[in-house]
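Trainee: Here is my input; please provide its structure:
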Amino acid sequence: MARPKYFLPSEVAVHNKPDDMWLSFLGKVCNLTPLYHQYKGHILLKPIIAEAGKDISHWFDPVTKDLRKHVDPITGIRKYYTPHGRFLHVPPPLPRSDHITEFGRPWWRDSAYEIGLLSQKTRYICIVNTLTLHEHVVEGLLALCFGSTPGINTEDKRWTEEEEKHGAKHLNHEINILNIIQDKVLSSTLFHIQLKKS
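Mentor: Sure, this is the predicted structure:
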């Protein structure tokens, strides 16, 4: 089984156009571009397009993993809560004969649109080349896999092969890069990773 791909919120935010539309919700990242092309021009796409590149977890109940529901004050019927307007695959508030129900699974339950998971605890990492004193700050996920960590794969082995060449500092104190995941310093906002002089 392949490991899921993780995306930064900033990576999802770049895909904010109808012909390149990603959304994140409940920790998942979905590419809804095929849905846009399938229903292009449909009025019920508007609320989804308006939220492209954003997290819409507030639309969903975290327990049921379905859209939030409420009791309609006029009809007294329990229905989906859509304050931004009804969107694709949400039934109309009242029974209608022209509502199509043969679309299969609603897009928010269809795993075909899922492309990965949303990174929850990203940190800014300052990478310093101590020979040239160049610094570069990047946002990243500090979940490097090492030999002792379950789930290691070939792309992570480059870190274990060169682990002696890398050092890490947190608040000007050297820390063991192999123990970053277990250390309590993960809650801080900035790490310095430096190349050691050979």
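
Trainee: Helix, strand, or coil at G85?
Mentor: Under DSSP: H, G, I helix; E, B strand; the rest coil, G85 falls in the coil class.

Trainee: quick one: it and I49 touch, right?
Mentor: No: judged on C-beta atoms under 8 Å, G85 makes no contact with I49 at a distance of 11.3 Å. In short, each C-beta sits where N, CA and C put it, glycine included.

Trainee: Name whatever forms a beta bridge with the residue lying closest to I115 once chain neighbours are set aside.
Mentor: In this structure, I115 finds its nearest non-sequential neighbour in N31, 4.9 Å apart by C-beta to C-beta, 6 or more residues apart in numbering. Beta-bridge pairing for N31 (DSSP bridges): W22.

Trainee: pLDDT wise, what is N31 at?
Mentor: Per-residue pLDDT puts N31 at 97.

Trainee: Would you mind confirming that it is in contact with M21?
Mentor: Yes: the pair N31 / M21 is scored as a contact, 7.4 Å apart, by C-beta under 8 Å.

Trainee: Now the common contact residues for these two.
Mentor: Listed as contacting both N31 and M21 by C-beta atoms under 8 Å, 6 or more residues apart in numbering are H15.

Trainee: Looking at the two, which is more packed in?
Mentor: Neighbours per residue, other C-beta atoms under 10 Å: of N31 and M21, the larger number sits with M21, 22 against 18.

Trainee: now that one: how far from I48?
Mentor: In this view, M21 and I48 are 7 Å apart by C-beta to C-beta, to the nearest Å.

Trainee: Now the common contact residues for the two.
Mentor: Common neighbours of M21 and I48, using C-beta under 8 Å, 6+ apart, are L32, L35, Y36.

Trainee: Contact partners for the residue nearest to I115?
Mentor: H15, M21, W22, Y113, I115.

Trainee: all helices in the chain, in order from the N-terminus.
Mentor: Per DSSP state H, the chain carries helices over the ranges 9-13, 33-38, 46-50, 157-161.

Trainee: tell me which residues in the third one are buried?
Mentor: Going by neighbour count (16 or more other C-beta atoms under 10 Å), the buried part of helix 46-50 is P47, I48.

Trainee: send the alpha carbons of it over as CSV?
Mentor: Provided in CSV are the C-alpha atoms of helix 46-50 (Å, rounded to 0.1, in the frame of the first residue of the first chain):
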residue,chain,number,x,y,z
LYS,A,46,-20.7,28.6,-8.0
PRO,A,47,-20.3,27.9,-4.2
ILE,A,48,-17.6,25.3,-4.9
ILE,A,49,-15.7,27.6,-7.3
ALA,A,50,-15.9,30.4,-4.8
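
Trainee: check contacts around the nearest residue to L88 once chain neighbours are set aside.
Mentor: In space, L88 comes closest to L44 once its chain neighbours are excluded; the distance is 4.8 Å by C-beta to C-beta, 6+ apart. L44 is in contact with R86, F87, L88, V90, counting by C-beta under 8 Å, 6+ apart.
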